[in-house]
Each structure stands twice: as structure tokens, then as C-alpha cells.
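Participant: turn this into a model:
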Amino acid sequence: PVTSASAPQAASMARDPIPARARMLQQLMAEGIQDPLVLRAMGAVDRHHFVDGALVPQAYEDTALPIGLGQTISKPSVVARMTELLLQGGLRGADGRLGRVLDIGTGCGYQAVVLAQLATEVYSIERLRELHEKARANLRPLRLATVHLILGDGMVGFAKGAPYAGIIAAAGGEAVPEAWIDQLAHGGRIVAPVAVAGGQQALMVIDKSHQGVQQTILEAVNFVPLKSGLA
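Facilitator: Below is the predicted model:
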């Protein structure tokens with residue numbers, strides 16, 4: 001049975017001009033994504049604008065797609081899951097929106113635009129110049145005044161924008177860099193992949209309070225490696 005909470009959601013999906021995106025949202029709900037704000041954000045962004053022309057037919061399938069330079073746009077389910085985790089633990093204002101967010105690894109810019117639906121401000125940093133330029137081109141027509149794209153080394157974060165209500169990363173290293181924890185506000189949350197035993201990766205959630213830092217390891221994921229320096 002459709003509960004009253006999901007009825008407006010279902011109605012808005014039925015009206016989606018992109019049937020594949022409506023199907024993507026149904027799949028996200030089936031996979032356990034429940035936050036209506038996250039579902040709305042995922043439904044508000046045209047994922048097909050962020051992939052190369054030949055891949056547009058697959059844009060709303062739950063799969064990672066290549067965006068060049070050995071990098072990928074993450075699966076919608078992973079973007080939604082990480083965004084939901086950030087929203088559950090990050091610092092939110094009275095309106096339910098996250099405060100300022102740092103997005104490590106801009107890639108094609110998709111995650112930053114999803115975050116822009118939920119946060120007051122997004123700083124998104126990319127170390128690969130070609131991808132930084134691609135993201136700028138992707139975002140230009142959207143005219144999002146709250147998204148700031150930065151060419152820089154994500155491993156050192158972006159101190160100018162700190163402190164952050166939340167930090168999200170699309171690349172995984174041996175550990176979460178200390179710089180990110182330093183730049184996180186008290187009450188904020190980091191969601192990032194990290195290396196675990198056997199060369200695997202898992203999602204890690206880090207919550208920072210005045211009492212200290214709490215780390216929680218969640219499900220296995222597969223992201224590109226976190227690297228330093230510009231390229």
C-alpha cells in the first residue's frame with residue numbers, strides 16, 4: 001500500500017518527463033533509499049547531462065560509467081546512499097538543509113549538483129584539470145551560484161571554505177586524511193570510501209563532536225584510488 005508520505009513522491013515520479021529517471025527513483029526506493037529529500041534531489045538532476053553522448057541511453061541505469069581519464073561517474077545507488085548518510089549525520093539548518101559541504105573528487109560534477117539540491121553551499125575539488133574543465137562545462141548552463149568548483153589537491157581539503165557541515169569523497173585511500181577531519185565542523189560528518197583488509201574498500205562514516213571522532217565502517221564499495229597532487 002502507498003502510504004501518505006510516499007504518495008506525493010510517487011505522483012511526482014509519475015509526472016517525470018524522463019521515464020528512465022522515474023524508474024531509477026523507483027529502484028533507489030526498492031534498494032532502501034528512504035529520505036524524501038534525497039529522492040527529490042536525485043530526481044531533480046539530469047544525469048544524462050553528465051555522461052558522454054554514446055552513454056546517454058545508460059544514464060539512469062544503476063551502473064558506474066566512464067567519464068574519461070580512468071575515472072567514473074558513480075552508480076546512482078551509491079550517490080544516493082552516500083548523500084543520505086551525509087544528510088543523516090551532517091549539520092542541518094532549521095529548514096533541514098545541510099550547511100556548507102565539501103565534495104572531494106568533482107569528476108563530471110554530478111555529485112556536486114545533487115548536493116546543491118540539499119546544501120546551502122558546495123565546494124567541489126578536483127585534481128585532474130581535464131575533469132575540472134569538463135565539470136565546469138557541465139555546470140555552466142545550470143547557473144548554480146552555490147556550487148564552487150576548485151582545481152586542487154583533494155587530499156588537503158579546502159581550508160578556505162572550512163568548517164564544513166559535511167564532507168563527501170568519491171575516491172578512497174588507506175585512511176581519511178587528517179585535513180578533512182580538521183576542516184569538519186563539530187557536529188559534522190564525513191562519508192568516504194577507505195581501504196580495508198584484502199585490498200577491498202568500504203564506506204566509512206566519521207562523526208566529529210566535542211567529545212572526539214567516531215568512525216563507523218559500513219558496506220563494501222568500489223571507488224578509484226585517492227591520490228594527491230594535480231594532473
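Participant: okay, and for the chain, where does confidence drop off?
Facilitator: By pLDDT under 70, the low-scoring segments of the chain are 1-15.
Participant: which residues in it form helices?
Facilitator: 7-14, 19-30, 36-44, 76-89, 110-116, 129-139, 178-183 (DSSP state H).
Participant: go ahead and confirm Ala80 touches Ala30.
Facilitator: No: between Ala80 and Ala30 there is no contact under Cβ atoms under 8 Å: 11.7 Å. Where you see a C-beta, it was placed from the backbone N, CA and C, and this is true even at glycine.
Participant: who has more neighbours, the two?
Facilitator: In this view Ala80 and Ala30 are compared by other Cβ atoms under 10 Å, and Ala80 has more residues nearby, 26 against 9.
Participant: wait, what's in contact with the more buried one?
Facilitator: Leu28, Ile33, Val38, Leu39, Met42 (Cβ atoms under 8 Å, 6 or more residues apart in numbering).
Participant: wait, Arg92 touches Leu86, no?
Facilitator: No: using Cβ under 8 Å, Arg92 makes no contact with Leu86, being 10.2 Å away.
Participant: related to what we said a few turns ago, which one of the helices of the chain lies closest to Gly68?
Facilitator: Closest of these to Gly68 is helix 129-139, at 6.8 Å (criterion: Cβ to Cβ).
Participant: and the closest one, what does it pack against?
Facilitator: strand 65-68, helix 110-116, strand 119-126, strand 147-151 (3 or more Cβ pairs under 8 Å, 6 or more residues apart in numbering; DSSP states H and E).
Participant: tell me the contacts of Leu230?
Facilitator: Shown in contact with Leu230 (Cβ under 8 Å, 6+ apart): Arg127, Leu128, Arg129, Leu151, Gly152, Asp153.
Participant: ok, now how distant is it from Gly187?
Facilitator: Per Cβ to Cβ, to the nearest Å, Leu230 is found 32 Å from Gly187.
Participant: ok, Ala192 - how many residues close by?
Facilitator: 26.
Participant: and for Gln34, nearest residue in space, chain neighbours not counted?
Facilitator: Glu84 (7.6 Å; Cβ to Cβ, 6 or more residues apart in numbering).
Participant: surely the one you found meets Gly32?
Facilitator: No: if you go by Cβ under 8 Å, Glu84 and Gly32 don't touch, sitting 9.1 Å apart.
Participant: the two: who's more crowded?
Facilitator: Each of Glu84 and Gly32 has its neighbours counted (other Cβ under 10 Å); Glu84 has more, 22 against 10.
Participant: grab the most central residue of this protein for me.
Facilitator: Gln111 (4.0 Å; Cα atoms, centre = their mean).
Participant: contacts only, for that one.
Facilitator: Neighbours of Gln111 in contact, by Cβ under 8 Å, 6+ apart: Ser74, Val79, Thr83, Asp103, Ser124, Ile168, Ala170.
Participant: please tell me which one of those residues counts the most neighbours.
Facilitator: Result: Asp103 is most packed of the contacts of Gln111 (other Cβ under 10 Å), 32 neighbours.
Participant: so it is in contact with Ala119, correct?
Facilitator: No: assessed by Cβ under 8 Å, Asp103 is found out of contact with Ala119, at 9.3 Å.
Participant: between Arg92 and Leu86, what contacts are shared?
Facilitator: What both Arg92 and Leu86 touch, as defined by Cβ under 8 Å, 6+ apart, is the set Leu98.
Participant: quick one: Trp180 and Ile125 touch, right?
Facilitator: No: under the criterion of Cβ under 8 Å, Trp180 makes no contact with Ile125, lying 11.0 Å away.
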